[in-house]
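Enquirer: give me a model of this one.
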Amino acid sequence: MKKWGFLIFILILISIAVITNHDIFQEIVDIQEIQQKDNYKKTSESQKRIEITEDQIYKGDLILVNSEYPVQRDSIKSDIVNLFTHRKLTKGYGLLDNEIKLSEEIALEFSKMITAAKKDGVVHFIINSGFREFEEQGSLYLEMGEDYALPAGYSEHNLGLSLDVGSTEDHMYEAAEGEWIEKNAWKYGFILRYPKDKTEVTGIQYEPWHIRYVGLPHSAIMKEKNFALEEYLNYLKKEKNISVGYKDSDYTINYYPVTQSRTIDVSKDNNYEISGNNMDGVIVTNLDDN
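Expert: The predicted structure follows:
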């Protein structure tokens, strides 16, 4: 009888822990999926209209690159730098060699994340690979084969938004650095691009080292809903308009199909970001004033 009582007590504690953890996790983002038939026709007093051209589809932090949607020349970040010659960008982590390149903007965001990891006692980070030119990607594909590399133009490494992160202590599958990245990268705008449970969606095996910048609040929404990038972009395309509360900020996120030049609504105060999806439209993220 005592044994059954003890088991019931343990089950109650587990139930409380699960419920509590669920409540905490739900506080990451507050998402409202807004249904508006005239979503693209109404402009509030806090908004203005700007023109979007077709080439915007291929630019931005949310563009999708996979076996179906290759990198366009316009998609490559314009601020690619050699990290070895920009040492102020590499505080707190190492470089595999002196040829590692990355978008300067993304390197700054990565540095912020590494600073946060250091506060948690996780300090053995190294960047093994960053931006690759098409020619470099092509050579890697010929050398490694299709099981270990993607053809030139079909790899996120051709963007400047993605990087392979390692640990100087262990393989990322087992390292504290890999565990920290998987749990915390979303807080800094990064996602684990090829998660263990999304291989059927991404078409790529689990890679605990490959992270991709998408920015906030998108990384928080993807964490909340357990979306791979493919799923998130499809979700935005379906909903067209969502309102998101994250920390002390409110955002509206709109998807607009673009088949030719068109006008769209953005914040009058320029508190907005526009990204194409590399498929058929753009995503506009407005930071709403409180």
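Enquirer: can you show me the strands along the stretch 1-150 of the chain?
Expert: Secondary structure of the stretch 1-150 of the chain (DSSP state E, counting those that start in this stretch): strands at 30-33, 47-52, 80-82, 94-95, 101-103, 125-129.
Enquirer: out of those, which is closest to Gly281?
Expert: Nearest of those to Gly281, taken as C-beta to C-beta: strand 47-52 at 9.3 Å. (C-beta placed from N, C-alpha, C; glycine too.)
Enquirer: tell me what the closest one is packed against?
Expert: Counting contacts by 3 or more C-beta pairs under 8 Å, 6 or more residues apart in numbering; DSSP states H and E, strand 47-52 packs against strand 262-267.
Enquirer: in its sheet, which strands sit next to the strand it packs on, and in what direction?
Expert: Taking DSSP bridges as the criterion, strand 262-267 forms sheet pairs with strand 47-52 (antiparallel).
Enquirer: now do the buried residues in the strand it pairs with.
Expert: Under the neighbour-count criterion of 16 or more other C-beta atoms under 10 Å, strand 47-52 has 47-48, 52 buried.
Enquirer: now stretch 274-290
Expert: Those would be 274-279, 281-288, for stretch 274-290 by 16+ other C-beta under 10 Å.
Enquirer: among those residues, find me the one that's closest to Ser261.
Expert: If you rank those by distance to Ser261 using C-beta to C-beta, Val282 comes first, at 11.8 Å.
Enquirer: list the residues that contact that closest one.
Expert: Contact analysis of Val282 by C-beta atoms under 8 Å, 6 or more residues apart in numbering lists 52, 56-57, 60, 255-256, 258, 264, 274-276.
Enquirer: and stretch 119-135, C-alpha only, in CSV?
Expert: Taking Å, rounded to 0.1, in the frame of the first residue of the first chain, the C-alpha atoms of stretch 119-135 are listed here in CSV:
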residue,chain,number,x,y,z
LYS,A,119,27.2,33.8,-18.5
ASP,A,120,25.8,30.2,-18.3
GLY,A,121,29.3,28.8,-18.2
VAL,A,122,29.3,27.5,-21.8
VAL,A,123,32.5,28.9,-23.4
HIS,A,124,34.0,26.4,-25.9
PHE,A,125,32.4,27.7,-29.1
ILE,A,126,34.1,27.7,-32.5
ILE,A,127,32.8,28.5,-36.0
ASN,A,128,33.7,25.8,-38.4
SER,A,129,32.1,27.2,-41.5
GLY,A,130,30.2,30.4,-42.5
PHE,A,131,29.5,32.0,-45.9
ARG,A,132,30.7,30.1,-49.0
GLU,A,133,31.0,31.4,-52.5
PHE,A,134,29.2,29.3,-55.2
GLU,A,135,32.5,28.0,-56.5
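Enquirer: run through who's touching that stretch.
Expert: 71, 77, 80, 83, 90, 92-96, 100-103, 110, 114, 117, 140, 152-153, 155, 157-160, 162-169, 175-177, 180, 184, 209.
Enquirer: these in helices, which ones?
Expert: Members of those lying in helices (criterion: DSSP state H): 110, 114, 117, 140, 176-177, 180, 184.
Enquirer: of those residues - the most surrounded one?
Expert: Phe110 (28 neighbours; other C-beta atoms under 10 Å).
Enquirer: excluding chain neighbours, what is closest to that residue?
Expert: Leu163 (7.0 Å; C-beta to C-beta, 6 or more residues apart in numbering).
Enquirer: pLDDT below threshold where in this protein?
Expert: For the chain, the stretches flagged by pLDDT under 70 are 1-27, 34-44, 289-290.
Enquirer: again, only this time at 90
Expert: 1-48, 73, 87, 134-153, 247-248, 260, 265-270, 288-290 (pLDDT under 90).
Enquirer: which segments of it make up each domain?
Expert: According to automatic domain parsing, the chain comprises the domains 29-62+227-290, 76-213.
Enquirer: any idea how far the closest residue to Phe84 other than its chain neighbours lies from Val81?
Expert: Using C-beta to C-beta, 6+ apart and skipping the chain neighbours, the partner closest in space to Phe84 is Asn98 (4.0 Å). Going from Asn98 to Val81 by C-beta to C-beta, to the nearest Å gives 13 Å.
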